[in-house]
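Visitor: Predicted model and sequence follow; I will ask about them next.
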Amino acid sequence: MDARWNYEVGDVVKLKKPHPCGSHEWEILRVGADFRLKCVGCGRQVMVERRMVEKNARALTKMQKQ
């Protein structure tokens with residue numbers, strides 16, 4: 001298991017393959033054994049296993065702390 005990054009709600013993760021709308025970026029809405037991700041391009045929400053996100057992640061943009 002590759003735990004390169006600390007995933008938190010609100011972060012944006014860039015995945016290897018694009019969503020059919022063309023966007024590679026997904027906002028993290030829920031973190032746990034499964035992730036709920038929202039496509040930044042079209043707003044579609046999906047549930048994905050944690051290991052699939054960790055395997056296919058190419059970049060992580062942390063949310064701004066206020």
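Guide: Ah, there it is.

Visitor: Pick out the residue closest to the middle of this protein.
Guide: Centroid-nearest residue in the chain, with Cα atoms, centre = their mean: V13, separated by 3.9 Å.

Visitor: Could you verify my assumption that it touches S23?
Guide: No - counting by Cβ atoms under 8 Å, S23 is not a contact partner of V13; they are 11.6 Å apart. (Glycine included, C-beta is placed from N, CA and C.)

Visitor: Residues contacting stretch 30-50, please?
Guide: Surrounding stretch 30-50, the residues in contact under the criterion Cβ atoms under 8 Å, 6 or more residues apart in numbering are 7-9, 12-13, 19, 21-23, 25-29, 53.

Visitor: Flag every buried residue along that stretch.
Guide: Of the residues in stretch 30-50, those with enough neighbours to count as buried (16 or more other Cβ atoms under 10 Å) are 31, 35-40.

Visitor: what's the first-to-last distance across it?
Guide: Taking Cα to Cα, to the nearest Å, stretch 30-50 runs 11 Å from one end to the other.

Visitor: So what sits opposite T61 in the bridge?
Guide: Under the criterion DSSP bridges, T61 forms beta bridges with V12.

Visitor: How much space separates it from A33?
Guide: The spacing between T61 and A33, counted by Cβ to Cβ, to the nearest Å, is 23 Å.

Visitor: Kindly format the C-alpha coordinates of stretch 8-17 as PDB.
Guide: C-alpha atoms of stretch 8-17 as PDB (Å, rounded to 0.1, in the frame of the first residue of the first chain):
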ATOM      1  CA  GLU A   8      -8.300  15.000   3.900                       C
ATOM      2  CA  VAL A   9     -11.800  16.200   3.100                       C
ATOM      3  CA  GLY A  10     -11.700  19.200   0.800                       C
ATOM      4  CA  ASP A  11      -8.400  18.300  -0.900                       C
ATOM      5  CA  VAL A  12      -8.200  17.800  -4.700                       C
ATOM      6  CA  VAL A  13      -6.500  14.700  -6.000                       C
ATOM      7  CA  LYS A  14      -5.400  14.300  -9.700                       C
ATOM      8  CA  LEU A  15      -5.900  10.800 -10.900                       C
ATOM      9  CA  LYS A  16      -4.100   8.900 -13.700                       C
ATOM     10  CA  LYS A  17      -7.100   8.400 -16.000                       C
END
